[in-house]
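J.: Need a 3D model of the sequence below.
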Amino acid sequence: MRPLKLDADRLFPADTLTRDIARALYAEIAALPIVSPHGHTDPAWFATDAPFANATELLLSPDHYLFRMLYSQGVALADLGVPDRNGPPATDPREAWRTFAANYHLFRGTPSRMWLDHVFAEVFGFDVALEPESADQYFDAIGEALATPGFRPRALFERFNIELLATTEGADDALEHHKAIQASGWGGRVVTTYRPDAVIDVEHEGFRLALERFAALTGEDVTRWDGYLAAHRRRRADFRAMGATATDHGFATARTANLSRAECEALFDKVIAGRADANDAELFRAQMLTEMAKMSVEDGMVMQIHPGSFRNHNATLFASHGRDKGADIPMRVDYVSALKPMLDVVGGERDLTIILFTLDESTYARELAPLAGHYPCLRLGPAWWFHDSPEGMRRFREMTTETAGFYNTVGFNDDTRAFLSIPARHDVARRVDCGFLARLVAEGRLEDWEAAELAHELTVGLVRRAYKLGTPA
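T.: Presented below is the predicted three-dimensional model:
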């Protein structure tokens with residue numbers, strides 16, 4: 001079996017001078033706590049603190065980064081234990097893991113390989129690589145570890161030195177898991193994030209059912225424009241009671257609108273009556289982004305906008321397996337024209353924070369950095385999803401720093417469902433940022449003490465302030 005080794009200098013610059021600077025910067029921030037202000041881990045894990053089942057159910061079948069690659073090479077999702085619309089397949093988890101191990105070479109050079117090797121070495125202590133010959137050894141050792149108290153969700157949360165972890169729930173979620181976490185007395189800080197897409201996106205297949213639950217949870221008449229907006233305010237307050245400091249919005253475009261009250265009421269009447277066409281649905285999403293921004297001015301919640309994904313591109317896979325199965329594809333996105341109606345309303349608000357993300361890297365230097373470098377309310381989210389990689393992070397810094405600087409960005413967030421990969425993802429971001437800062441020092445563009453301050457800011461300072469999280473005592 002081949003050994004599994006993590007290079008202590010991985011991701012640092014290759015030349016000796018810059019590498020030494022990066023190494024010194026990293027040593028100062030490597031042990032700082034993890035602040036994870038936006039992700040998709042399951043709050044039920046921390047509410048129940050039940051043990052994870054096995055390697056396949058924890059690491060493989062929920063992770064679309066992994067089964068996306070395998071699917072592209074002809075591996076059936078059922079062979080990986082990925083549930084379809086009828087539930088989990090009958091595939092034996094050990095056999096699924098063997099299939100994964102036999103195809104692990106497909107991830108060479110990818111972020112997934114880095115994250116997983118970090119998990120295997122640092123979390124589970126493996127010193128041999130994952131390959132067909134070691135598949136059963138891995139499956140058994142991981143299963144044995146998961147059965148021990150030290151690998152329960154809360155124990156891992158504490159072991160990972162997580163200061164805060166934000167999950168993401170829909171506007172129609174009753175938040176029972178977050179209520180259970182609060183009632184348990186456990187000291188881990190797990191908060192929620194308000195994601196109202198299902199009750200805003202008319203074209204979402206679950207829109208009507210979500211709207212019914214939305215009404216039941218709030219007691220508002222959501223068939224009237226005023227009642228619908230009041231329901232959002234009530235739910236936002238419910239989420240804040242569960243620790244939320246942020247909202248999240250993930251539509252295909254970044255389009256916003258600034259309609260009159262009469263126009264809003266007329267459009268909403270069409271939505272409720274089921275007469276909204278595709279143009280109406282897009283306009284309604286656009287207006288609701290502006291409404292959400294106005295509500296954030298009222299209640300102080302940070303607003304995150306995640307546009308640019310063509311969701312469920314594979315129609316066959318969507319029909320058989322449903323949403324979030326790896327068939328989302330990045331698209332071109334306009335921000336300058338799309339955001340102007342909203343910015344005409346709230347762009348000058350100094351107490352409002354709107355964090356912009358993109359899957360369209362061509363917008364970094366042309367649109368996003370100039371926008372964030374001007375409007376007081378705008379900040380740039382980190383390299384996201386398809387660009388959550390060393391190269392993606394470097395391109396982000398190179399293309400945005402000259403116009404937006406560092407202080408109009410918000411540090412790093414992992415945006416993941418894969419709980420065990422959180423330390424690995426943050427470690428990658430810290431190493432890449434230290435490498436970028438080291439180059440600026442080596443080129444005489446930053447003093448070493450400035451780089452040290454920035455390394456701390458990029459790790460914990462900016463994210464705490466941007467998401468209004470406060471500083472631990």
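J.: all helices of the stretch 101-250 of the chain, in order?
T.: Along the stretch 101-250 of the chain, counting by DSSP state H, counting those that start in this stretch, helices occupy 111-118, 135-146, 153-159, 176-184, 207-218, 225-241.
J.: elements contacting the second one?
T.: Pointing back at helix 135-146 there. helix 55, helix 93-102 (3 or more Cβ pairs under 8 Å, 6 or more residues apart in numbering; DSSP states H and E). (C-beta placed from N, C-alpha, C; glycine too.)
J.: Highest mean neighbour count across the helices of the stretch 101-250 of the chain, which stretch is it?
T.: With neighbours defined as mean count of other Cβ atoms under 10 Å, the helices of the stretch 101-250 of the chain peak in mean count at helix 111-118, which reaches a mean of 21.
J.: And the average pLDDT for that helix is what?
T.: Averaged over helix 111-118, pLDDT sits at 98.
J.: From the contact counts, what lies against it?
T.: Other elements packing on helix 111-118 under the criterion 3+ Cβ pairs under 8 Å, 6+ apart are helix 64-72, helix 422-442.
J.: My guess is Glu57 contacts Leu80. True?
T.: No. Applying Cβ atoms under 8 Å as the test, Glu57 and Leu80 come out as separate, 10.9 Å apart.
J.: Between the two, which has more neighbouring residues?
T.: Ranked by neighbour count (other Cβ atoms under 10 Å), Glu57 and Leu80 place Leu80 first, with 24 against 16.
J.: so who does the residue minimising distance to the centre of the chain touch?
T.: Taking Cα atoms, centre = their mean as the criterion, Asp415 is the residue nearest the geometric centre of the chain, at 1.7 Å. By Cβ atoms under 8 Å, 6 or more residues apart in numbering, the residues touching Asp415 are 38-40, 384-385, 388.
J.: is it fair to say it lies in a helix?
T.: No. Read with DSSP: H, G, I helix; E, B strand; the rest coil, Asp415 is coil and lies in no helix.
J.: Could you check how far it is from Ala50?
T.: 24 Å (Cβ to Cβ, to the nearest Å).
J.: Check Met1 too.
T.: For Met1 relative to Ala50 (Cβ to Cβ), the value is 32 Å.
J.: Equivalent analysis for Met288, please.
T.: On the measure of Cβ to Cβ, Met288 and Ala50 end up 37 Å apart.
J.: Neighbour count: those two, which is higher?
T.: Neighbour count, other Cβ under 10 Å: between Met288 and Ala50, Met288 has more, with 24 against 10.
J.: Enumerate every residue touching the more buried one.
T.: Contacts for Met288 were tallied using Cβ under 8 Å, 6+ apart; they are 196, 200.
J.: Need the phi and psi values for it.
T.: Main-chain dihedrals, Met288, degrees, to the nearest 10: phi -70, psi -30.
J.: For the residue nearest to Pro111 when sequence neighbours are not counted, what are phi and psi?
T.: In this structure, Pro111 finds its nearest non-sequential neighbour in Ser389, 4.4 Å apart by Cβ to Cβ, 6 or more residues apart in numbering. Per-residue torsions, Ser389: phi -150, psi 160 (degrees, to the nearest 10).
J.: give the contact list for Ser389.
T.: 110-111, 383, 428.
J.: Among these, pick out the one closest to Arg394, please.
T.: Proximity of the contacts of Ser389 to Arg394 was ranked by Cβ to Cβ; the top entry is Ala383 with 8.6 Å.
J.: I'd say the closest one and Arg395 touch.
T.: Yes. Using Cβ under 8 Å, Ala383 makes contact with Arg395 at a distance of 7.2 Å.
J.: Among these two, which residue is more densely surrounded?
T.: Shown here are Ala383 and Arg395; by other Cβ under 10 Å, Ala383 has more neighbours (26 against 16).
J.: name the element the more buried one belongs to?
T.: Under DSSP states H and E, no helix or strand contains Ala383.
J.: number of nearby residues for the closest residue to Trp384 other than its chain neighbours?
T.: Using Cβ to Cβ, 6+ apart and skipping the chain neighbours, the partner closest in space to Trp384 is Phe357 (4.6 Å). Residues near Phe357, counting by other Cβ under 10 Å, number 25.
J.: try Pro132
T.: Neighbourhood size, Pro132 [other Cβ under 10 Å]: 13.
J.: pretty sure it is touching Phe100, no?
T.: No. Contact criterion Cβ under 8 Å: Pro132 and Phe100 do not qualify, at 10.1 Å.
J.: how near is the spatially most distant residue from the centre of the chain to Gly206?
T.: Farthest-out residue of the chain from its mean C-alpha position, per Cα atoms, centre = their mean: Ala262, at 36.1 Å. Shown here: Ala262 relative to Gly206, a distance of 29 Å by Cβ to Cβ.
J.: domain assignment for this structure?
T.: 16-49+156-466, 51-151 (automatic domain parsing).
J.: Report how far apart the opening and closing residues of the shortest one are.
T.: According to Cα to Cα, to the nearest Å, domain 51-151 extends 7 Å from its N-terminal end residue to its C-terminal end residue.
J.: what does stretch 463-473 give?
T.: Note: stretch 463-473 ends 16 Å apart using Cα to Cα.
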